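Engineer: pasting the structure only:
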Ligand SMILES: *Cc1c(COP(=O)(O)O)cnc(C)c1O
């Protein structure tokens, strides 16, 4: 399947693997090995010299991991991919690769908390500065670009308010200035959105979320539009910083990927049901969902996403005590951060994922004490609505 172009649902299941090369095993084997034995000293020398392909040491490459990487590259329409031991290892590898002392990174306002922490570390220790800005018009993007800007780093939809960033607009302006564009595509999944097709240079995922989909792995993926550059990162940043994925975790991701399309369709259908219900609740002020037709940014969502996905945010009247009571009254829906699992999860950004953000910045980003984020799972949709209904009834 390596060279054939297939639709993405088929790629989730087949790309990058041929049973005939692996004892006819239907499932991708787990090569749980740290190193590879050479037949002769000369063969070892050839492999180290790059004159012969084959295993050397699992930090430099592993057959199970390689299947995952080839599959991910195809799914995100890139030329190459790298798998990492966490989403943050993927984020840090790409930012270390793209920057040197004196450079500037431009970001959308509202990025993942630990990415923000990493940007501060880069600034304090390595003189790589950054700005967070609202990048919603060509003028706004132009105004935020500095002479030393080397990279625009975005997330869309933005967590947790589901604000959309127009990827094609960002890449159009960035190309004019020869600035690289990185998109954290975790929230959308590769099934719903493919930033490389819109001109981005790199797309990354916390594979912990929708790619794995079963809440039992921490992992990250980077996909690049250029094979040579991905291989450069593999043999520089990834080899020497060492943030690789374990073969077993790669194997679990390969398994998770096989049902990606089926899961995402159900996550989306269930989320639509939950959105429709929340809009009928008098205690709910606002509901934030990319494919909500009353969302002013719906046209952007429609342009770049195949569907709305499983994440829904909403605000409840009455402040902190009220929302905490609502969460505590839920019976089926679990109180947990993370997202993209079979289980529906609810979290309170102001006191959980965004608790480190200073209050005034938090409020500017729309993260009020009344805001809740749901990662809608794969349960029966009416069971989810019933659970919310009985909890609201107790407020
Ligand atoms: C979870 C997450 C990350 C970090 O990924 P880990 O796998 O937890 O290291 C980065 N970006 C986004 C948008 C996330 O949701």
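Structural biologist: Cool, the structure landed. Since we're looking at a predicted model, the values are computed, not measured.
Engineer: measure stretch 194-208 end to end?
Structural biologist: 18 Å (Cα to Cα, to the nearest Å).
Engineer: do that stretch and the ligand meet at all?
Structural biologist: Yes. Judged by Cβ under 6 Å from any ligand atom, stretch 194-208 comes into contact with the ligand through 206, 208. Backbone N, C-alpha and C define where each C-beta goes, glycine included.
Engineer: can you list the buried residues in that stretch?
Structural biologist: 194-196, 198-208 (16 or more other Cβ atoms under 10 Å).
Engineer: run a quick neighbour tally on residue 239.
Structural biologist: Around residue 239 there are 14 other residues, counting by other Cβ atoms under 10 Å.
Engineer: er, residue 25 I mean
Structural biologist: Count around residue 25 with other Cβ under 10 Å applied: 11.
Engineer: quick one, what contacts it?
Structural biologist: residue 19 (Cβ atoms under 8 Å, 6 or more residues apart in numbering).
Engineer: with residue 242 instead?
Structural biologist: By Cβ under 8 Å, 6+ apart, the neighbours of residue 242 are residue 59.
Engineer: is the ligand contacted by stretch 92-100?
Structural biologist: No. Stretch 92-100 does not reach the ligand (Cβ under 6 Å from any ligand atom); its nearest approach is 9.6 Å.
Engineer: phi, psi of the closest residue to residue 289 other than its chain neighbours?
Structural biologist: The shortest distance from residue 289 to any non-neighbouring residue, by Cβ to Cβ, 6 or more residues apart in numbering, is to residue 275 (4.8 Å). Main-chain dihedrals, residue 275, degrees, to the nearest 10: phi -60, psi -50.
Engineer: I'd say residue 275 and residue 312 touch.
Structural biologist: Yes. Judged on Cβ atoms under 8 Å, residue 275 makes contact with residue 312 at a distance of 5.7 Å.
Engineer: and for these two, which residues touch both?
Structural biologist: Contacts common to residue 275 and residue 312, judged by Cβ under 8 Å, 6+ apart, are 287, 289.
Engineer: which of the buried residues of stretch 194-208 sit farthest apart?
Structural biologist: 199 and 208 (26.5 Å; Cβ to Cβ).
Engineer: which of residue 275 and residue 312 has more neighbours?
Structural biologist: residue 312 (26 against 19).
Engineer: quick check, the strand or helix carrying that one touching the ligand?
Structural biologist: Per DSSP states H and E, residue 312 falls inside strand 311-316. No. For strand 311-316, no contact with the ligand is found by Cβ under 6 Å from any ligand atom; the gap never falls below 9.6 Å.
Engineer: about what we covered before: so who does the residue nearest to residue 289 touch?
Structural biologist: 287, 289, 292, 312.
Engineer: what sits against the residue of the stretch 51-200 of the chain found nearest the ligand?
Structural biologist: Nearest residue of the stretch 51-200 of the chain to the ligand (Cβ to the nearest ligand atom) works out as residue 87 at 2.2 Å. Going by Cβ under 8 Å, 6+ apart, residue 87 touches 112, 186, 204, 205, 206, 207, 208, 209, 218, 219, 220.
Engineer: just give the nearest non-adjacent residue to it, would you?
Structural biologist: residue 206 (2.7 Å).
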